[in-house]
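Show me the folded form of this:
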Amino acid sequence: MLFSELGLPKTIISAMNKMGWTEPTPVQEASIPWGLTGGDMFAQAQTGTGKTGAYASVILTRVEPGYKAPSALVLTPTRELAIQVNEEMGKLAEFTGHLSVVIYGGVGMSPQISKLKKGTDVVIGTPGRLKDLIDQGYLDLSWVSVVVLDEADRMLDMGFARDLEYILSKVPKKR
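Sure, this is the predicted structure:
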């Protein structure tokens, strides 16, 4: 199977080609068409099998670029994973015009707040810092139409259940 058979736009396929991706992995083949329909899904696969590429390509297809408030939210348990996801999102968005911002603790908030104020299509971050920015009025999730919980089991194991519930209460019910 080819990426073009999954229903992805040429802009994303061009980015995939530039990244050296020639054909979808099994998790991408199974999840991308379903994700493009807007249905909820749960995907479980080994590290390195293309899960991030699958949900990032779905986000970039389903969300229009250029809005002030984010339209997609990706929650990750660690700053390292948030940074990795943001890098992959950026590569896949090379020809789409989408902007993403990575948000995590352990660093100053000012640069992250500045990026949010400029506008972004996708916010990728860790629960604690995201909650802080929501509480301080810097992060508006009222326009989010796609939410991804990357490594949800790990976030729960790390004690983020309350933060996740709080953050998810700030996005529209229909997403």
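
outside of the host helix or strand of residue 154, which residues touch it?
Here residue 154 sits within helix 152-157, counting by DSSP states H and E. Contacts made with helix 152-157 from outside it, assessed by C-beta atoms under 8 Å, 6 or more residues apart in numbering, are listed as 75-77, 127, 149, 161, 164. Quick note: C-beta positions are derived from backbone N, CA and C, even for glycine.

rerun that using 10 Å as the cut-off
The set of residues that contact helix 152-157 without belonging to it, under C-beta atoms under 10 Å, 6 or more residues apart in numbering, is 42, 44, 75-78, 81, 126-127, 149, 151, 160-161, 163-164.

burial count for the residue lying closest to residue 79 once chain neighbours are set aside?
Sequence neighbours aside, residue 104 is the residue nearest to residue 79 in space, at 3.7 Å (criterion: C-beta to C-beta, 6 or more residues apart in numbering). Residue 104 sits with 21 neighbouring residues when counted by other C-beta atoms under 10 Å.

Roughly how far does residue 104 sit from residue 74?
In this structure, residue 104 and residue 74 are 12 Å apart, going by C-beta to C-beta, to the nearest Å.

Common neighbours of these two, please.
With the criterion set as C-beta under 10 Å, 6+ apart, the overlap between the contacts of residue 104 and residue 74 is 81-82, 86, 124-125.

Let me know the closest of the residues you listed to residue 139.
Using C-beta to C-beta, residue 125 comes nearest to residue 139 of these, at 8.8 Å.
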